[in-house]
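[1] Here is a sequence with its predicted model. Questions after.
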Amino acid sequence: MRRSTVILLIICLLLGVLVWYMQQPGNPIKMALATGTATPSSSGILIDPNKGPIGLISIQDANGKTVKIDKTSGKWIVTTNRDEPADQDLAESAAGQALSLTIVKQFDTAPDPAGTGLDKPVYTITVKLADGSMFLFNLGKVTVTESGYYVSTQNGTVYILSKNDVDTFVHNFIEPPVLKTATPPPTPGTETPAPGATSTVSSTATTVP
């Protein structure tokens, strides 16, 4: 038998084995190909901007600490350990950031939760929309390229969101938009003497006739 014929038979045999193996459930090659399949979202934004404006944002970390930015009363209020007046401009900006989270990829098949950090989310975020509905999503790890974060929504869909967008939005948890009151300036003419200083008072002698 000629060498070329033998090589051809070996190649055909290997291809047959590969086809058989690919048809077996749970094989690593098939799972890896499925995991890596991603298609762009039709809208390109995680939360449909047409469903705004937003009335409440709740961000909870893995330890249970929660920051809420709420406009139920008509004005934005920040809740951490207690309710505090919010800087209205900063709170409104946070709501706008939630409606601007850009999708980099949308996965047709959800990746391994342990690999994306979605089995133990860094943050769980809830957003209340204008119609009263709630949009919930979990924030996982940064991608290998450090260009985005893995995110899963309440219906199980997994996305990669723009890292810059997420970092800007999550900063509202790290530094909540609480209204800062200005510190009043010191009153002029009330200098406090240094410790141990002796006050010198000049007196005018009066001569009694």
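    Sure thing, it's come through.
[2] heading toward the C-terminus, what's the first helix or strand past the helix or strand of the chain with the lowest mean pLDDT?
    Within the chain, no helix or strand scores below strand 38-39, which has a mean of 32 by mean pLDDT, DSSP states H and E. Following strand 38-39 in sequence order, the next helix or strand is strand 56-61 (DSSP states H and E).
[3] Which elements pack onto that next one?
    For strand 56-61, the elements it packs on are strand 66-70, helix 88-98, strand 123-128, helix 163-174, judged by 3 or more CB pairs under 8 Å, 6 or more residues apart in numbering; DSSP states H and E. C-beta: built from backbone N, CA, C; applies to glycine.
[4] Please identify which of these is closest to Ile77.
    strand 66-70 (5.1 Å; CB to CB).
[5] and the angle from the closest one to helix 88-98?
    110 degrees (axes from the mean of the first three to the mean of the last three CA atoms, to 10 degrees).
[6] Now strand 66-70: buried residues?
    For strand 66-70, burial by neighbour count (16 or more other CB atoms under 10 Å) applies to Val67, Lys68, Ile69, Asp70.
[7] quick one: the residue lying closest to the third one once chain neighbours are set aside from Pro113, how far?
    Read it as Ile69. Nearest-residue entry for Ile69: Ile57, 4.6 Å, with adjacent residues in sequence omitted and distances by CB to CB, 6 or more residues apart in numbering. Between Ile57 and Pro113 the distance is 24 Å, computed by CB to CB, to the nearest Å.
[8] Same check on Thr168?
    Separation of Thr168 from Pro113 (CB to CB): 25 Å.
[9] Select the longest strand from the chain.
    Looking across the chain with DSSP state E, the single longest strand is strand 134-142.
[10] Any idea what the residue lying closest to Leu139 once chain neighbours are set aside is bridged to?
    Leaving aside its chain neighbours, Leu139 sits nearest to Tyr123 (4.3 Å; criterion: CB to CB, 6+ apart). Under the criterion DSSP bridges, Tyr123 forms beta bridges with Asp61, Leu139.
[11] Let me see the domain layout of this protein.
    Following automatic domain parsing, the chain resolves into domains at 1-35, 39-174.
[12] Put together JSON lines for these, with distance to Thr181 on each row.
    Listed next are those as JSON lines, based on distance: least, CB to CB, whole Å:
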{"stretch": "domain 1-35", "distance to Thr181": "51"}
{"stretch": "domain 39-174", "distance to Thr181": "9"}
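[13] Between the two ends of stretch 89-107, how far is it?
    Distance between the two ends of stretch 89-107: 35 Å, counting by CA to CA, to the nearest Å.
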